[in-house]
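*Asks:* Any chance you could fold what I've pasted below:
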Amino acid sequence: MFIDTHCHLSVDDYENIDQILSENREAKVSPIIISGCTKKDILESFEYANRYSDVFLTIGYHPSEANSITDDDLVLLEKQLTSTSKIVGLGEIGLDYYYGKENKDLQLQLFEKQLALAEKLGLPVVIHSRDATLDTIQLLKKYSVSGVIHCFSGSLETAQEYIKMGFSLGIGGVVTFKNSKLREVVAQIPLENIVLETDSPYLTPDPFRGKKNSSKYIPYIALAIAENKNISIDEVASITTENAKKIFYID
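*Replies:* Residues are numbered from 1 along each chain as shown. As a prediction, this is how the structure comes out:
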């Protein structure tokens, strides 16, 4: 069995949620961990966690929300984080400078407040970092937290720094792309420091690029890693699943 440690599930993206989850299970991908990272997404994700036994959640405010999140929203987030055992982490949170740094200060403030909350509650964090590696690392070092670097696509040196800090790397569809530099990095990262993710409905792996992504494609990500490391896909499945269970305390 496989675990998709990071995906998005919404009626805005999928017409039939029951069918999507059934297809995941047929592909031996269960459980899945949904990331609710806007106020709307968080509320919808609770519905699925309550409805399906193999759906777990991480919730937190994405850096794209930095302009609109208030202190009251953070108070509510803390209540939500402690409301059910189906919540297994805080995220995705972090920094995103890809479109510019106009609201950099607000992003940093929101990130730091949520790191402090994760430390307080003893929750693993799921980190979004895009064009912001240095600031991300500097802030993470201020708090006693660990978890997953979501959608990791950095250099080997950056990977080693995160691993040294106690983080695992979320590897998704990019590793299946033929010209991806991530393949070279993954070849040199111990499997014990990797978890699998799709970030669906985004970042669909080969050979399905151009189609909407889904957790059912996790085995294709695992196969790319297996071929890259010259090991069996069963070994990838076993070790990455155990890694995910340890990080997110899933039985």
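
*Asks:* tell me the contacts of residue 229?
*Replies:* 186-187, 191, 236 (C-beta atoms under 8 Å, 6 or more residues apart in numbering). C-betas here are computed from N, CA, C, even on glycine.

*Asks:* From those residues, list just the buried residues.
*Replies:* Buried members of the contacts of residue 229, scored by 16 or more other C-beta atoms under 10 Å, are 186, 191, 236.

*Asks:* between those, which is closest to residue 155?
*Replies:* Nearest to residue 155 among those: residue 186, at 12.0 Å, using C-beta to C-beta.

*Asks:* Looks to me like that closest one is in a helix.
*Replies:* Yes. Using DSSP: H, G, I helix; E, B strand; the rest coil, the assignment for residue 186 is a helix.

*Asks:* close enough to count as contact, it and residue 171?
*Replies:* Yes. The pair residue 186 and residue 171 qualifies as a contact (C-beta atoms under 8 Å) at a distance of 6.1 Å.

*Asks:* Common neighbours of the two, please.
*Replies:* Taking C-beta under 8 Å, 6+ apart as the contact rule, residue 186 and residue 171 both touch 194, 225.

*Asks:* Need the residues that contact the helix ranked longest in the chain.
*Replies:* Of all the segments of type helix in the chain, defined by DSSP state H, the longest one is helix 104-121. Residues from elsewhere that reach helix 104-121, judged by C-beta under 8 Å, 6+ apart: 60-61, 63, 65-67, 69, 74, 77-78, 81-82, 90, 93-97, 124-125, 135, 139-140, 142-145, 147.

*Asks:* Residue 219: what secondary structure?
*Replies:* Assignment for residue 219 (three-state DSSP): helix.

*Asks:* just the buried ones among the contacts of residue 229 now: which is nearest residue 217?
*Replies:* Lowest distance from residue 217 to the buried ones among the contacts of residue 229 (C-beta to C-beta) belongs to residue 236, with 14.3 Å.

*Asks:* Check which helices and strands the helix or strand hosting that closest one is in contact with.
*Replies:* Element membership for residue 236, per DSSP states H and E: helix 233-248. Helix 233-248 sits against strand 2-7, strand 87-96, strand 194-196, helix 218-229, with contacts defined as 3 or more C-beta pairs under 8 Å, 6 or more residues apart in numbering; DSSP states H and E.

*Asks:* what about residue 121, distance to residue 3?
*Replies:* Going from residue 121 to residue 3 by C-beta to C-beta, to the nearest Å gives 22 Å.

*Asks:* what number of residues lie near the nearest residue to residue 137 once chain neighbours are set aside?
*Replies:* Counting by C-beta to C-beta, 6 or more residues apart in numbering, residue 161 is the residue found nearest to residue 137 once chain neighbours are left out, at 6.3 Å. Using other C-beta atoms under 10 Å, residue 161 is surrounded by 16 other residues.
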